[in-house]
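> let me see the structure of the following:
(chains A and B)
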Amino acid sequence: METTKTLKTEKPEKYDEKSLKGTIVSVGFVAAVIVVMWVAVFWIYMERV
Amino acid sequence: MEQSLRETIHENPKKILGVNSQDAKVSLSYLTVAFVSLLIGGILGLVQGLERAGLIQLPSWLNYYQVLTAHGLLLLVVFTATFSIGYLYANLSHALGGLLPKVRKLAWTGFVLMIIGVAMVVTMIVLNEASVLYTFYPPLAAHPIFYIGLVFVVLGIWACCFGVFINYRHWRKNHPGEVTPILAFFTMGVFVLWFFASLGVTIEVFTLIPWSMGLVETTNVMVARTLFWWFGHTLVNIWYLVAISAWYVFVPRIIGGRHFSDKLIRLVVILVVILNIPGGFHHQIIDPAISQSIKFLHVFMSLSIAVPSLMTAFAMFVVFERTGRRLGGKGLLGWLKKLPWGDVRFLAPMIAMISFIFGGAGGIVNTSNQLNQVIHNTMWVVGHFHITVGVSVVLTFFGICYWLIPHLSKRKLTPKMNKIGIIQTLIWTVGMIIMSGSMHIVGLLGDPRRTSDTTYGGHEAAASWVPFEMLFAVGATLLLIGVIIQVYAVFNMMFFAPKGNTEYPVAEPEDDETPTPMWTERWGLWIVLLLMVVAMAYVVPIVDMLLNAPPGSPPIRTW
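Alright, predicted model coming up:
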């Protein structure tokens, strides 16, 4: 049991304080909203012309 | 030895305890007018929503377009302008260690001019002499007093512009080699943009006054529309610049974090100031009399405004992630949980920022030529500006109230008022999702905006819009409840909350940030670049509209 505990605490943290991986995901979300909205309205335009 | 007040102001103005009482009176007066306008404008908004849904019929002495004009002008011009001036003058006073006496006088002069102007404008709308909508461009013609009232409003704004320029210049002279405090930098950006934006509409209004008096028979509608949108769209980005000043400077402090980058913030302000005015042309993308090649240039110029917005999105995500991780947030998005969602000073601007993702994406749709043909003059546009102005801007303004007003009135934000603020924010958000969301969808189905009756003799397509129009009324009802709670909160914090000191929550830069370069202070250069961009966008089309002018329009009154 003791060994397992030590192993757990020694496992390196994947995200340190300076990690900006969440920012990359968030910016990706912004990009996705822009693309989806633009493509959806463009599709409506193509359907109507 | 203890430092004198003068030395303290000179060395570190941020150490001075906020806004002095004389300056606070200026800001509180502007904020009072703002929230009275919000209440009246909000009531008119609900009246409009109920009439549009067919749930009420207006009495014979009041028509839909009167209500629409008053709602638009009271909220889009009076509320936003008076709130912005009150907030920005408080920021200027805080950042520069107080307003100069002559600047304070100019702010009061501006206040009186704006009140006179608004009284003239509103009187003409109430008398049914000016149902020309918020955009007030020809051929619809109002009573001359309506336009003269608008001149007073512009003069009031100019008085405030000159006040800021004088105070900035005075500080600059006394602080050679120093970078302006960030709040004063934002204030300069907003008022530079306001001054140059209002030039277009001023020229337009001066041509409309003799036209509405019958001294000239016709006016050039295309030129007037172009000059209006020079101002109209820039106004949107003035609100946006005011809102992001709170996102960049106050929100990081409220969540216990730091600025992302002082240099990036200043670059965003500079880009918004330089690139903004030609964005107005995307409102005319379906207009005749502008060639395809010029429209292509304008699409590009309008889209360029997205660049500083995307920089802002990135910078704010960095601030949130860094702060959340410092507070113990783990995993890919665990830092989000560490943010203070129970603090209205954070919750309101945070929802405002999230809404801007959708509002900004909608703006890109509006700016694209083919896509604009799908949504032009439909309810989509109304939904778009309710999500951008009504949430991204207004919810930020509401969030600011919960620390600015207690600070100015030397009172405290109580836990109870914080809870009321949270409830208000949630009601506002739900109301706006219902109203703006249904407006977007029904706009794509073709429902036109600015039209009192859209039944079209019971046509099948028009009938499909009815459920969405009912949702406008539901959303508008929630929004009016939100307005009433907000107005209560504002006046409670102004006059009745417990006495005490409230912090002016200005964030500091990161410890390892390098000094901001002095080139960011070159306002003369930024103004020259602004004028060059305006010249690139406007000279060719306006000359074309004048040389190949269509027959002018006489004044038209449709109501």
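> what's the first helix or strand after the worst-scoring helix or strand of chain A on mean pLDDT?
Least confident helix or strand, chain A: helix A:2-10 with a mean of 45, by mean pLDDT, DSSP states H and E. Later in the chain than helix A:2-10, the nearest helix or strand by DSSP states H and E is helix A:21-48.
> so for that following helix, what gets flagged as buried?
Residues of helix A:21-48 classed as buried by neighbour count (16 or more other C-beta atoms under 10 Å in any protein chain shown): A:22-23, A:26-27, A:30, A:33-34, A:37-38, A:41, A:45. Yep, even glycine has a C-beta here, placed from its N, CA and C like the rest.
> which among those are in contact with chain B?
A:22-23, A:26-27, A:30, A:33-34, A:37-38, A:41, A:45 (C-beta under 8 Å from any C-beta of the partner chain).
> can I get the residues you listed in CSV including pLDDT?
Output for those, formatted as CSV (pLDDT from 0 to 100):
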residue, pLDDT
A:Gly22, 95
A:Thr23, 96
A:Ser26, 97
A:Val27, 96
A:Val30, 97
A:Val33, 97
A:Ile34, 97
A:Met37, 97
A:Trp38, 97
A:Val41, 97
A:Tyr45, 97
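> farthest-apart pair in these, please.
Among those, the pair separated by the greatest distance (C-beta to C-beta) is A:Gly22 and A:Tyr45, at 35.0 Å.
> tell me the residues of chain A that contact chain B?
Close to chain B, as judged by C-beta under 8 Å from any C-beta, chain A has residues A:13-23, A:25-27, A:29-30, A:33-34, A:37-38, A:41-42, A:44-45, A:48.
> in the helix or strand where B:Ile354 lies, what counts as buried?
For B:Ile354, the element it lies in under DSSP H and E is helix B:344-367. For helix B:344-367, burial by neighbour count (16+ other C-beta under 10 Å) applies to B:344-353, B:355-367.
> that helix near chain A anywhere?
Yes. Remark: helix B:344-367 sits within contact range of chain A at B:357-358, B:360-362, B:364-365, by C-beta under 8 Å from any C-beta.
> so B:His282 touches B:His298, yeah?
Yes. Shown here, B:His282 and B:His298 form a contact pair, counting by C-beta atoms under 8 Å, at 6.5 Å.
> what sits against B:Ser464?
B:Leu445 (C-beta atoms under 8 Å, 6 or more residues apart in numbering or on different chains).
> tell me the phi and psi of it?
When read as degrees, to the nearest 10, the backbone of B:Ser464 gives phi -70, psi -10.
> now it: how far from B:Gln48?
B:Ser464 sits 21 Å away from B:Gln48, going by C-beta to C-beta, to the nearest Å.
> ok, B:Arg266 next?
From B:Arg266 over to B:Gln48 (counting by C-beta to C-beta), the distance is 40 Å.
> likewise B:Leu336?
As for B:Leu336, its distance to B:Gln48 is 37 Å (criterion: C-beta to C-beta).
> so which of these two has more stuff around it?
A count of neighbours by other C-beta atoms under 10 Å in any protein chain shown puts B:Gln48 above the other of B:Leu336 and B:Gln48, at 22 against 16.
> what's the nearest residue to B:Leu347 if we skip its chain neighbours?
Among residues not flanking B:Leu347 along the chain, B:Thr425 sits closest, at 5.4 Å (C-beta to C-beta, 6 or more residues apart in numbering or on different chains).
> so which bits of the helix or strand that neighbour falls within are buried?
In the assignment (DSSP H and E), B:Thr425 maps to helix B:415-444. The neighbour-count criterion (16+ other C-beta under 10 Å) identifies B:417-418, B:420-422, B:424-425, B:427-429, B:431-444 as the buried residues of helix B:415-444.
> quick one, that helix and helix B:344-367 angle?
Counting by axes from the mean of the first three to the mean of the last three C-alpha atoms, to 10 degrees, helix B:415-444 lies at 10 degrees to helix B:344-367.
> whichever residue of the stretch 401-550 of chain B sits closest to chain A and B:Phe146, how far apart?
Closest to chain A within the stretch 401-550 of chain B is B:Leu444: 6.2 Å, counting by C-beta to the nearest C-beta. Look at B:Leu444 and B:Phe146: by C-beta to C-beta, they are 34 Å apart.
> where's the residue lying closest to B:Glu129 once chain neighbours are set aside relative to chain A, distance?
Leaving aside its chain neighbours, B:Glu129 sits nearest to B:His143 (3.8 Å; criterion: C-beta to C-beta, 6+ apart). Computed as C-beta to the nearest C-beta, to the nearest Å, the B:His143 to chain A distance reads 39 Å.
> what sits against B:Leu73?
Contacts of B:Leu73 (C-beta under 8 Å, 6+ apart): B:121-122, B:125, B:134.
> that's a helix at it, yeah?
Yes. Counting by DSSP: H, G, I helix; E, B strand; the rest coil, B:Leu73 is part of a helix.
> how's chain B carved up into domains?
As assigned by automatic domain parsing, chain B contains the domains B:13-240, B:256-339, B:345-505.
> tell me which of those domains lies nearest to B:Tyr248.
Among the domains of chain B, domain B:256-339 sits nearest to B:Tyr248 (C-beta to C-beta), with 5.0 Å.
> do the closest one and chain A meet?
Yes. Looking at domain B:256-339 against chain A by C-beta under 8 Å from any C-beta, the contacts come from B:310, B:313-314, B:317-318, B:321-322, B:324-326, B:330-336.
> so for that domain, mean pLDDT?
Mean pLDDT, domain B:256-339: 93.
> same thing with stretch B:221-235?
Per-residue pLDDT over stretch B:221-235 has a mean of 94.
> distance of B:Gln22 relative to B:Arg104?
Counting by C-beta to C-beta, the gap from B:Gln22 to B:Arg104 is 6 Å.
> so which residues of the stretch 51-200 of chain B form helices?
Taking DSSP state H, counting those that start in this stretch, the helices of the stretch 51-200 of chain B run over residues B:64-72, B:80-96, B:101-126, B:144-174, B:182-213.
> if you compare those helices, which one is most tucked away?
helix B:80-96 (a mean of 27; mean count of other C-beta atoms under 10 Å in any protein chain shown).
> for it, packing partners?
helix B:21-52, helix B:101-126, helix B:144-174, helix B:182-213, helix B:221-249, helix B:394-408 (3 or more C-beta pairs under 8 Å, 6 or more residues apart in numbering or on different chains; DSSP states H and E).
> number of residues surrounding A:Glu17?
Look at A:Glu17: counted by other C-beta under 10 Å, it has 14 neighbours.
> pretty sure it sits against B:Arg325.
Yes. Counting by C-beta under 8 Å, B:Arg325 is a contact partner of A:Glu17 at 4.8 Å.
> ignoring the adjacent residues along the chain, who's closest to residue 48?
In the absence of a named chain, chain A is used. In space, and not counting its chain neighbours, A:Arg48 is closest to B:Val374: 7.0 Å by C-beta to C-beta, 6+ apart.
> can you look at chain B instead?
B:Val67 (5.2 Å).
> run through the residues that contact that neighbour.
Contacts of B:Val67 (C-beta under 8 Å, 6+ apart): B:44, B:47-48, B:51, B:58.
> these, buried ones only, as a PyMOL selection?
Entered in PyMOL, the line below selects the buried ones among the contacts of B:Val67, by 16+ other C-beta under 10 Å:
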select buried, chain B and resi 44+47+48+51
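> columns pLDDT and distance to B:Ala537 on top of the contacts of B:Val67, output as a markdown table?
Listed next are the contacts of B:Val67 as a markdown table, based on pLDDT from 0 to 100; distance: C-beta to C-beta, whole Å:
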| residue | pLDDT | distance to B:Ala537 |
| --- | --- | --- |
| B:Leu44 | 97 | 34 |
| B:Val47 | 96 | 38 |
| B:Gln48 | 93 | 34 |
| B:Glu51 | 93 | 38 |
| B:Leu58 | 94 | 40 |
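> which among the contacts of B:Val67 gets closest to chain A?
Checking these against chain A by C-beta to the nearest C-beta gives B:Gln48 as the nearest, at 25.8 Å.
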